[in-house]
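*Asks:* fold the stuff below for me.
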Amino acid sequence: MKLDARDIAILRVLSTDGRISKSALADRVNLGASACGDRLARLESAGVIAGYRAEVALRRLAPHVTVFVMAELSSHKAAAFQIFEAAIERHTEITGCWALGGGYDYLLQIITRDIDSYQRLIDVILAERVGLARYFTYVVTKAIKDSPPPFDILHPSATD
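*Replies:* Below you'll find the predicted structure:
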């Protein structure tokens, strides 16, 4: 899908204000309401806008811990990756998982109540025998930055 500067402007606004009304969005990107609505529908139907959701301040909701885990599998056959990825999908505490190139196979983001519940999750995963050879745990002590994508770098028309 070819995007122009107006499409990028819409994405930039929505990435920081997903609840903005369509008319306010149209004003912010200097388009008529109908034209903006058409562009928005096109971006949604093309899958460029994958969804909308609330950013929840977990610290106000409940005590929790965020852990990043670098995981290495014992086998690098396609079936081993499929088994591991299917296992990851079964655990709601694993909120993010990325396949990596380089020294480790996966980076997992885990959000759970405390370190004990994190360890119980790891024990379950190990007991499932999903091919996890080694893992390295990194506990988040403070969130520093969580920003929308750098649209001006990712898409040249963002600065036109």
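*Asks:* only C-alpha atoms for contact and neighbour calcs from this point on.
*Replies:* Fine.
*Asks:* all helices for this protein, in order.
*Replies:* Taking DSSP state H to define them, one finds helices in the chain at 5-16, 22-28, 33-45, 58-61, 78-89, 115-127, 151-154.
*Asks:* check those for me and report the most buried one.
*Replies:* With neighbours taken as mean count of other C-alpha atoms under 10 Å, these reach their highest mean count in helix 5-16, at a mean of 17.
*Asks:* coming back round to it: in JSON lines: the helices of the chain, plus distance to residue 133 and mean pLDDT.
*Replies:* Below are the helices of the chain laid out as JSON lines (distance: least, C-alpha to C-alpha, whole Å; pLDDT from 0 to 100):
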{"stretch": "helix 5-16", "distance to residue 133": "37", "mean pLDDT": "92"}
{"stretch": "helix 22-28", "distance to residue 133": "49", "mean pLDDT": "95"}
{"stretch": "helix 33-45", "distance to residue 133": "40", "mean pLDDT": "95"}
{"stretch": "helix 58-61", "distance to residue 133": "31", "mean pLDDT": "88"}
{"stretch": "helix 78-89", "distance to residue 133": "11", "mean pLDDT": "97"}
{"stretch": "helix 115-127", "distance to residue 133": "9", "mean pLDDT": "97"}
{"stretch": "helix 151-154", "distance to residue 133": "36", "mean pLDDT": "81"}
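*Asks:* phi first, then psi, for residue 102.
*Replies:* phi 120, psi -150 (degrees, to the nearest 10).
*Asks:* how near is it to residue 9?
*Replies:* Distance from residue 102 to residue 9, counting by C-alpha to C-alpha, to the nearest Å: 35 Å.
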